[in-house]
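with the input below, show me the fold.
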Amino acid sequence: MKKQGGRRTDRQFGEAKGEKPARRAPRFTPGPAAKNAQKAETRSFRRPSAELATLYGYHAVREALRNPQRACLDLFATPAAAEKLAADVEARGVPLHLVDGETLSSRLGAESVHQGVLLEARPLPALDVSEIENKSGLVLALDQITDPHNVGAILRTAAAFAVDAVIVTERNAPELSGVLAKTASGGLEHAPLVEVVNLARALDRLGAAGYLRVGLDSEGPESLEKTTLSRPVALVLGAEGKGLRRLTREKCDVLARLDMPGAIKSLNVSNACAVALALTRARLAE
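Prediction:
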């Protein structure tokens, strides 16, 4: 056994002759994004306000960084998450601050699935009903659906089906960030949102613009599969349990139901939305 300066050099203490040294956990080597962030002074989180959208989760943040209409302020990320987003961070030029996962959990809550990243941004610019571009000929109108998980899932579906706009009410609707954005998994950046004060008046304007307004109602006189549809069409969905409000129902041109052949006769509103969009596209293609 050789010694050098009083230290053993042939193997670590505790290793018997012939034994292989124990493997050490690989150390994380910061990439360019992390190294650049370490040079900047880390700032504290902003206080919640109407002018701040807090987005978290990898897909939600990545799509926000790629959306030129989204004003991005500061990105807080773990080193590993920062490297995954390095190209988008560099392209957007948003200030990056390295933090650990516990810091993000303390800001967002222990139950949040933040995936090591949080983006502080501005809310997306508000659209008016008159600004809806008729591309796919499909619009969704949500009648006081308040669960952020449901609205987030609907936005993800709307983005997948290339819906022209999703109309929500300014009141009795969830905040367009946080849990909703995480559930939408990037869909918030791709489904144009129209916030209205009065949904009934918005439906009047859609009708004047030539939209067929179809209200989804479990007690509708005809199934959606058999309903005659024409483009452009606006599908109107009500909240779970309450369904469509009376005035909303009166503003619809037709009420249609989703027929369920199985033992369960109803669906979660976000699932019902996906089924309704698929059926509507199929009917319009006939």
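
for the spatially closest residue to Gln115 that is not a sequence neighbour, give me the pLDDT.
Using C-beta to C-beta, 6 or more residues apart in numbering and skipping the chain neighbours, the partner closest in space to Gln115 is Tyr58 (4.5 Å). Where C-beta positions appear, they are placed from N, C-alpha and C, glycine not excepted. What the model reports for Tyr58 is a pLDDT of 98.

please apply the same query to Gly31.
Gly31 carries a pLDDT value of 57.

use 2 as the first number for this chain going forward.
New numbering, starting at 2: the last item is Gly32.

pull the contacting residues for the residue nearest to Gln116.
Residues near Tyr59 by C-beta atoms under 8 Å, 6 or more residues apart in numbering: Ala82, Lys85, Leu86, Gln116, Gly117, Val118.

kindly recompute the last result at 7 Å.
Residues near Tyr59 by C-beta atoms under 7 Å, 6 or more residues apart in numbering: Ala82, Lys85, Gln116, Val118.

now swap in Ala160 and tell me
For Ala160, the contacting residues are Gly188, His191, Ala192, by C-beta under 7 Å, 6+ apart.

now it: how far from Ala142?
Look at Ala160 and Ala142: by C-beta to C-beta, to the nearest Å, they are 16 Å apart.

sorry, back to before: taking the contacts of Tyr59, tell me the two that lie furthest apart.
Largest separation among the contacts of Tyr59 by C-beta to C-beta: Lys85 and Gln116, giving 9.2 Å.

test my guess that Ser137 contacts Asp165.
Yes: Ser137 lies in contact with Asp165 (C-beta atoms under 7 Å); the separation is 5.5 Å.

measure the nearest residue to Lys243 once chain neighbours are set aside to Leu200 for me?
Distances taken as C-beta to C-beta, 6+ apart put Gln145 closest to Lys243, at 7.4 Å, once the chain neighbours are dropped. To Leu200, Gln145 is 8 Å away according to C-beta to C-beta.

looking at these two, which one has more neighbours?
Using other C-beta atoms under 10 Å as the criterion, Gln145 and Leu200 rank with Leu200 on top: 23 against 16.

pretty sure the more buried one sits against Ala142.
Yes: Leu200 lies in contact with Ala142 (C-beta under 7 Å); the separation is 6.5 Å.

which ones among the contacts of Tyr59 are found in strands?
Using DSSP state E, the members of these that fall in strands are Val118.

ok, of the contacts of Tyr59, which one's closest to Cys274?
Of these, the one sitting nearest to Cys274 (C-beta to C-beta) turns out to be Gln116, at 25.3 Å.
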